[in-house]
Structure formats: C-alpha cells, structure tokens
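Asker: quick one, fold the following:
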Amino acid sequence: MNTFTLRPALATFTVLGLVAMAGCKSGDAETAPADQIAYNDYESVEGWMPTPESLTRERAHSGSHSVKVDGAVEYALGYNLPLGKALDHKPHKIHVEAWGFMTDPKSAARLGFQLYDPAQSKEVFGDGLDYTSAVQTPGKWVKISKDITLPATTASNLEMKVFLWRASASSPAYLDDLRISEVTQ
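Answerer: Predicted structure coming up:
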C-alpha cells in the first residue's frame, strides 16, 4: 500500500477539487454505467472560476482538454466528495481509471487516491498508481487503472479524493478521461 502525504497546498487543491466538480459529469442515466460515481473529460471546466492552472489544451486523449502536472504545478484538478454524498451505502472497493501521458521518463507523477477525515484534518487512507509503472511508454496515451480496496473502518463522512499529483515529476505528465466507479462484484 502506498500512502501519499500531502503538503500545505492541500487547501488550494481542495478548492480546485470543488471547481472540478462543476466539470464532473456523472453521465446521462442512459449512458453512465450503474456503478459509476464520477467521470470527467475536462471539457466543461474552462471558464469556471478560478480556471485551474492544471487545465490545458496542450494534449488531450479525447476532446481538447486534459490536466497536467510538472515542475511548476503540483496538483491537477481532482475529484473530492464525501463518500456519503457519492454513494448511499458503504463501498468496499473503488475502481479508478483514466488515460495517462508521460512526455519523458522524468514525468514520474502519481494518480492518487485518498480518504480524508475533515474533522481531524488528516488522511486516513491513501493509495494510487505510479505513472512510471502504469504508463511506462513516454509519448503515448495509455489507459491506466487500479482497483482500491477500502479499509473496514471507511465511513460516510470521509472525503474521497482522486487526483494527479506531481510527486517527483519534473517534466509534464497529463491525465484525461478520469472515471471513478464502485466495484460491486
């Protein structure tokens, strides 16, 4: 299990996460899978205030937008919602998938997953994907995914956060078409 410890920039990240919610699409009832919690292709975010610095038109897997981190941007626009608002029951496993792009081997970002307790102002569970292992091939969009088993102590008041984090990346790393769903089997 990888634990991601976040820095004071978390406050900024949280604000940007709320902006991301404006761009999140849960999909039409006819097209969204029943187990889908959220989806974002980042096409509906531009123009919402403040426009996050991670939103870019430099590269995209679909449409014209994606998010990026690099030596200057630590966190990309992410998802942040209390589990009790995302689901009406206690989930046991979450599936996170997206399309990732590394410009070169120095694009060593991470797709992070976190359960955060706002009452205690601390992370209670963390996991994620290392770009170097998941994307592997610089210069190419690669579908990445991970099933994350939640701890037995998971409660509805915990915030579920999913985000692209710079980690040790000094070169740009991109993320597009983020999908979060519950594993029900």
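Asker: quick one: the closest residue in space to residue 160 that isn't next to it in sequence from residue 112, how far?
Answerer: Leaving out its chain neighbours, the residue that sits closest to residue 160 by CB to CB, 6 or more residues apart in numbering is residue 83, at 5.4 Å. Bear in mind the C-beta positions are built from the backbone N, C-alpha and C, glycine included. Distance, residue 83 to residue 112, by CB to CB, to the nearest Å: 16 Å.
Asker: repeat for residue 91
Answerer: 18 Å.
Asker: and the pLDDT for the residue nearest to residue 119 when sequence neighbours are not counted?
Answerer: Take residue 119 and drop its neighbours on the chain: the residue closest to it by CB to CB, 6+ apart is residue 157, 7.0 Å away. Residue 157 carries a pLDDT score of 96 in this model.
Asker: correct me, but the residue nearest to residue 160 touches residue 158?
Answerer: Yes: with contact defined as CB atoms under 8 Å, residue 83 counts as touching residue 158 (5.5 Å).
Asker: overlap in contacts, the two.
Answerer: residue 115 (CB atoms under 8 Å, 6 or more residues apart in numbering).
Asker: now do the contacts for residue 161.
Answerer: 17, 78, 79, 80, 112, 113, 114, 115, 116.
Asker: the bottom helix or strand of the chain by mean pLDDT?
Answerer: None of the helices or strands of the chain scores lower by mean pLDDT, DSSP states H and E than helix 10-23, at a mean of 40.
Asker: which strand residues bridge residue 98?
Answerer: In this entry, residue 98 is beta-bridged to residue 144, by DSSP bridges.
Asker: enumerate every residue touching it.
Answerer: Per CB under 8 Å, 6+ apart, neighbours of residue 98: 111, 143, 144, 145, 175, 176, 177, 178, 179.
Asker: ok, these vs residue 100, which is closest?
Answerer: When the contacts of residue 98 are compared for distance to residue 100 (CB to CB), residue 144 wins out at 4.8 Å.
Asker: leaving out sequence neighbours, find the closest residue to residue 162.
Answerer: In space, residue 162 is closest to residue 79, 4.4 Å off (CB to CB, 6+ apart).
Asker: again, but for residue 158
Answerer: Distances taken as CB to CB, 6+ apart put residue 115 closest to residue 158, at 4.5 Å, once the chain neighbours are dropped.
Asker: now for the one you found: which residues touch it?
Answerer: The neighbourhood of residue 115, defined by CB under 8 Å, 6+ apart, consists of 83, 123, 124, 125, 126, 150, 151, 154, 158, 159, 160, 161.
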